[in-house]
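Student: 3D, please:
(one chain, ligands or ions: 1)
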Amino acid sequence: MLLGIARLTTAPGRTDNSDAKFHSLANVAADAIITIDEHGTIQSFNLCAERMFGRSAESMIGQKLHPIIPERYRRLHDDGVSRVSRSGETPFDGETREFHALRKDGSEFPIELTVASWFGEDRRLSFIGIIRDITERKRLEAELRQLATTDPLTGILNRRRFTELTTQEIHRAHRLRHPLTLIMLDIDWFKRINDAFGHTVGDRVIQSLASACASELREIDILGRLGGEEFAVVLPELGASGSLEVAERLRQKVEGLQITLNDGRIVRFTCSLGVAVLKDTDQSPDTLLVRADNALYRAKRDGRNCVRAASDS
Ligand SMILES: Nc1nc2c(ncn2[C@@H]2O[C@H](COP(=O)(O)OP(=O)(O)OP(=O)(O)O)[C@@H](O)[C@H]2O)c(=O)[nH]1
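Tutor: Reported below is the predicted structural model:
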């Protein structure tokens with residue numbers, strides 16, 4: 001749109017002053033607007049750019065853009081400007097892309113940049129960059145991603161994200177012909193804990209179990225809360241015996257946990273675990289989860305606070 005200013009036709013009987021129009025528009029714009037010549041030298045730097053980068057127009061006009069570009073991208077920028085100037089082709093014209101920019105205090109922030117270019121009356125190429133600070137948008141995106149993937153009570157993966165990552169791991173294990181196992185874990189007599197001590201204490205039990213399990217697992221393991229007092233762990237690269245050992249370690253760890261209430265009472269709890277090994281026929285987490293759930297059911301039936309393997313593991 002701003003590019004069009006240079007080409008605006010003027011109503012009959014009125015004189016045009018494109019420069020004045022450009023500057024008055026640029027200075028009320030909510031985005032930073034910077035123009036550079038074919039050598040990458042700044043020609044104009046609007047008020048919003050001054051605020052965004054913490055630099056005055058006076059100090060920037062006549063300089064290169066380097067002070068507002070993080071050092072690692074400067075070379076790339078210079079090469080891009082000289083390539084475009086040489087060829088006269090402007091591949092990003094009108095496109096909006098995301099980059100990082102630099103404030104005077106050295107802090108980096110994400111921006112969205114739209115570039116347009118035009119040939120002046122002297123046939124020289126100029127560029128205009130419209131820059132939007134997208135820090136807030138990025139923060140909200142990260143927050144949304146966090147909400148969509150984690151369980152708010154424990155901070156571990158929610159069922160949806162656990163299923164997504166497990167699906168990826170299953171495909172990887174099949175492709176590489178590597179082992180993979182899944183453990184299902186369920187707190188024993190959890191309803192009694194809620195009934196005896198209240199929901200808030202029940203929540204603390206769930207939280208302490210989640211963080212205890214997370215601390216026992218490797219970086220590559222996937223821990224998720226499937227719902228209520230039910231959890232699952234995927235152990236890539238581990239076969240039946242290795243995962244039975246991990247499950248037994250988790251069982252002992254949970255058995256050793258305790259929560260001290262304000263009145264000094266101590267709450268202890270246990271969990272039951274079911275282990276299933278990935279088979280060639282498992283194409284999604286569903287069938288693996290069913291076998292682990294059957295093993296978990298046997299652990300409950302066999303008196304709880306124990307580990308059982310799926311019959312074919
Ligand atoms: N405090 C709390 N309780 C929950 C939450 N989600 C589910 N529950 C409770 O978890 C309890 C699950 O009880 P059951 O499925 O009967 O199982 P259990 O009492 O653990 O018995 P077993 O699994 O057979 O050992 C129910 O009372 C639910 O209300 C939660 O987020 N917080």
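
Student: please count neighbours and contacts with C-alpha atoms only from this point.
Tutor: Noted.

Student: contact partners for whichever residue of the stretch 1-150 of the chain sits closest to the ligand?
Tutor: Closest approach between the stretch 1-150 of the chain and the ligand, counting by Cα to the nearest ligand atom: T150, at 13.7 Å. Applying Cα atoms under 8 Å, 6 or more residues apart in numbering to T150 gives the contacts I156, L157, N158, R161.

Student: could you export the helix or strand encompassing E164 as CSV, CA atoms only?
Tutor: For E164, the enclosing helix or strand under DSSP states H and E is helix 159-176. Output in CSV follows, covering the C-alpha atoms of helix 159-176 (Å, rounded to 0.1, in the frame of the first residue of the first chain):
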residue,chain,number,x,y,z
ARG,A,159,-3.5,-37.5,26.8
ARG,A,160,-3.6,-35.8,23.4
ARG,A,161,0.0,-34.9,23.2
PHE,A,162,1.1,-38.2,24.8
THR,A,163,-0.8,-40.0,22.1
GLU,A,164,0.7,-37.8,19.3
LEU,A,165,4.3,-38.4,20.6
THR,A,166,3.7,-42.1,21.2
THR,A,167,2.4,-42.5,17.6
GLN,A,168,5.6,-40.9,16.3
GLU,A,169,7.8,-43.1,18.5
ILE,A,170,5.9,-46.2,17.3
HIS,A,171,6.6,-45.4,13.7
ARG,A,172,10.2,-44.7,14.5
ALA,A,173,10.6,-48.0,16.3
HIS,A,174,9.0,-49.9,13.4
ARG,A,175,11.2,-48.1,10.9
LEU,A,176,14.4,-48.8,12.8
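
Student: and that helix, what's buried?
Tutor: R159, R160, R161, F162, T163, L165, T166, T167, E169, I170, A173, H174 (16 or more other Cα atoms under 10 Å).

Student: also stretch 102-113?
Tutor: Of the residues in stretch 102-113, those with enough neighbours to count as buried (16+ other Cα under 10 Å) are L102, R103, E108, F109, P110, I111, E112, L113.

Student: bridged to the first one, which residues?
Tutor: According to DSSP bridges, the residues that bridge with L102 are E108.

Student: in this structure it contacts D133, no?
Tutor: No: with contact defined as Cα atoms under 8 Å, L102 does not reach D133; the gap is 11.0 Å.

Student: next, count neighbours for the closest residue to L185 other than its chain neighbours.
Tutor: Leaving aside its chain neighbours, L185 sits nearest to L273 (4.5 Å; criterion: Cα to Cα, 6 or more residues apart in numbering). If you count neighbours by other Cα atoms under 10 Å, L273 ends up with 31.

Student: go on, A20?
Tutor: A total of 10 residues lie near A20 under the criterion other Cα under 10 Å.

Student: using the three-state scheme, assign it.
Tutor: Recorded secondary structure, A20: helix (DSSP: H, G, I helix; E, B strand; the rest coil).

Student: would TSV of the buried residues of stretch 102-113 with distance to the ligand and pLDDT be doable?
Tutor: Output for the buried residues of stretch 102-113, formatted as TSV (distance: Cα to the nearest ligand atom, whole Å; pLDDT from 0 to 100):
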residue	distance to the ligand	pLDDT
L102	44	97
R103	44	97
E108	40	97
F109	38	98
P110	37	97
I111	40	97
E112	40	97
L113	44	95
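
Student: turn the residues you listed into a markdown table, columns for distance to F92.
Tutor: As requested, the buried residues of stretch 102-113 are exported to a markdown table (distance: Cα to Cα, whole Å):
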| residue | distance to F92 |
| --- | --- |
| L102 | 21 |
| R103 | 24 |
| E108 | 23 |
| F109 | 21 |
| P110 | 18 |
| I111 | 16 |
| E112 | 13 |
| L113 | 10 |
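
Student: get me the contact residues on the chain for the ligand.
Tutor: Taking Cα under 6 Å from any ligand atom as the measure of proximity, the chain contacts the ligand at 187-192, 194, 199-200, 202-203, 228-229.

Student: highest neighbour count among those?
Tutor: Sorting these by how many neighbours each has (other Cα under 10 Å) puts I187 first, at 23 neighbours.

Student: and E143, how many neighbours does it have?
Tutor: When neighbours are counted by other Cα under 10 Å, E143 registers 11.

Student: sorry, that was for R298
Tutor: Taking other Cα under 10 Å as the neighbour definition, R298 ends up with a count of 20.

Student: quick one, what contacts it?
Tutor: G274, R308.

Student: before we move on, what about F53?
Tutor: I68, L102, R103, K104.

Student: is the residue nearest to L185 in a helix, a strand, or coil?
Tutor: For L273, the secondary-structure state derived from three-state DSSP is strand.

Student: now for the contacts of T150: which two are most distant?
Tutor: Farthest apart among the contacts of T150 by Cα to Cα are I156 and R161. That separation is 9.8 Å.
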